[in-house]
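Participant: build me a structure from this.
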Amino acid sequence: MVYWYKISAVLWHKEGFLTFFEIIKAILMGIVEGITEWLPISSTGHMILLEQVIKFNASEEFMSMFRVVIQLGAIMAVVVLFWGKLWPFGMKRGRVISKPSVWSLWFKVVAATLPVLVISPLDNWMEDHFYNYITVAAMLILYGILFFVVENRRITPHVTKLEQITYRDALIIGLWQCLAIIPGTSRSGATIVGGLLLGLSRACVAEFTFYLAIPVMAGASLLKVVKFAVSGSVMTGTEVAVLAVGCVVAFGVSLAAIRFLMDYVKRHDFKFFGVYRIVLGIIVLAVAAVTAIF
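Facilitator: Residues are numbered from 1 along each chain as shown. Predicted coordinates:
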């Protein structure tokens, strides 16, 4: 009896020890997701790079779902920060009223989301063939250069408010958003480049990009969860904890990241992010080359 008690205690201690380190990894992933989802530096790209350093003790099916579902925490940060601009109903003289401007904004968000729905079946294929650090490095550098090209045009924006965005603008930004299917591109990076080329102000395109994330990321998360469940996969207790912690941390960090970006673009351009992307891309390629040689 004492023998089995000792064995159980050792196993519990080992499992708890392993779970602790998995939680630490989830916190790191949540921090990276919360920062990189909103800054135009590619959240997926940074996730891939981080996974080269830390390895979760989890199934590949779970990790495929985790990389997407952790974005739900980031989405909630947008909803909380911009609730007043996103909720289409209000109160006036004790009566519930509808806000036409908010409905118009949501219709434009839907229009920008349509192109993503068309290419969404390619998501798994892209993940299988291009989810690697070489692709990430190439896209980091490419879009880093694009930021410099776009910012050097020095064209005065003619769209400075969300209500000035047309359905044509929304659809074109949605087409740019489709490019984010390639790891390392950055969904926000692609839409910001597209918006700047259309003549949107930095603050305007950044805020519109936040709103576009809600249906896209929520839909992608739901799809991943359904596929995970349909495949017959079941999460362990540790995996449930990892997913919950990752989402909560991503939410908290996203609140700070969004506030930072909205304040930053009022006084600066996007060239800093271009430099960051190019430098990081070069470092990744250099590490890959050294690893291949040795």
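
Participant: only the buried residues of stretch 129-141, if you could.
Facilitator: Judged by neighbour count using 16 or more other Cβ atoms under 10 Å, the buried positions of stretch 129-141 are 130, 131, 133, 135, 136, 137, 138, 139, 140, 141. In this view, the C-beta of every residue, glycine as well, is placed from N, C-alpha and C.

Participant: tell me how far the spatially closest residue to the third one that is not a sequence neighbour lies from residue 52.
Facilitator: Translated: residue 133. The shortest distance from residue 133 to any residue other than its chain neighbours is 5.4 Å, reached at residue 284 (Cβ to Cβ, 6 or more residues apart in numbering). Going from residue 284 to residue 52 by Cβ to Cβ, to the nearest Å gives 9 Å.

Participant: where do the helices sit along the stretch 101-250 of the chain?
Facilitator: Shown for the stretch 101-250 of the chain, the helices assigned by DSSP state H, counting those that start in this stretch span residues 123-130, 133-151, 167-178, 187-198, 202-230, 237-264.

Participant: name the residues that touch the second one?
Facilitator: Read that as helix 133-151. 40-42, 44-45, 48-49, 52, 182-186, 189-190, 193, 196-197, 269-271, 273-278, 280-282, 284-285, 288 (Cβ atoms under 8 Å, 6 or more residues apart in numbering).

Participant: swap in 7 Å and give it another go.
Facilitator: Residues from elsewhere that reach helix 133-151 (Cβ atoms under 7 Å, 6 or more residues apart in numbering): 42, 45, 48-49, 52, 182-186, 189, 193, 196-197, 269-271, 273-275, 277-278, 280-282, 284-285, 288.

Participant: let me know the pLDDT of the residue nearest to residue 207 when sequence neighbours are not counted.
Facilitator: Of all residues not flanking residue 207 in the chain, residue 162 sits nearest, at 6.5 Å (Cβ to Cβ, 6+ apart). For residue 162, the pLDDT comes out at 94.

Participant: from residue 75, how far off is the most centrally placed residue in the chain?
Facilitator: Nearest to the mean C-alpha position of the chain, by Cα atoms, centre = their mean, lies residue 37 at 3.4 Å. For residue 37, the distance to residue 75 under the criterion Cβ to Cβ works out to 9 Å.

Participant: next: residue 200.
Facilitator: In this structure, residue 200 and residue 75 are 22 Å apart, going by Cβ to Cβ.

Participant: between these two, who's got more neighbours?
Facilitator: Set residue 200 next to residue 75 and count neighbours by other Cβ atoms under 10 Å: residue 200 wins out with 27 against 22.

Participant: which among the helices of the stretch 101-250 of the chain is found nearest to residue 56?
Facilitator: Nearest to residue 56 among the helices of the stretch 101-250 of the chain is helix 237-264 (7.0 Å), distances taken as Cβ to Cβ.

Participant: the closest one - contacts with which helices or strands?
Facilitator: If contacts are counted by 3 or more Cβ pairs under 7 Å, 6 or more residues apart in numbering; DSSP states H and E, helix 237-264 sits against helix 2-36, helix 60-69, helix 71-81, helix 202-230.

Participant: ok and that helix relative to helix 202-230, angle-wise?
Facilitator: With axes from the mean of the first three to the mean of the last three Cα atoms, to 10 degrees as the criterion, the two stretches helix 237-264 and helix 202-230 enclose an angle of 170 degrees.

Participant: list the buried ones in helix 237-264?
Facilitator: Buried positions in helix 237-264, judged by neighbour count with 16+ other Cβ under 10 Å: 238-239, 241-243, 245-251, 253-255, 257-258, 261-262, 264.

Participant: just the residues contacting the helix or strand just after that helix, thanks.
Facilitator: Per DSSP states H and E, helix 237-264 leads on to helix 271-293 as the next helix or strand towards the C-terminus. With Cβ under 7 Å, 6+ apart as the test, helix 271-293 has contacts from 39-41, 49, 133-134, 136-137, 140-141, 143-145, 147-148, 151.

Participant: which one of the residues you listed sits closest to residue 158?
Facilitator: The shortest approach to residue 158 among the contacts of helix 271-293 belongs to residue 151, at 16.6 Å (Cβ to Cβ).

Participant: okay, now the residue nearest to the closest one when sequence neighbours are not counted: neighbour count?
Facilitator: Computed as Cβ to Cβ, 6+ apart, the closest residue to residue 151 that is not its neighbour in sequence is residue 269, at 4.7 Å. Using other Cβ under 10 Å as the criterion, residue 269 is surrounded by 17 other residues.
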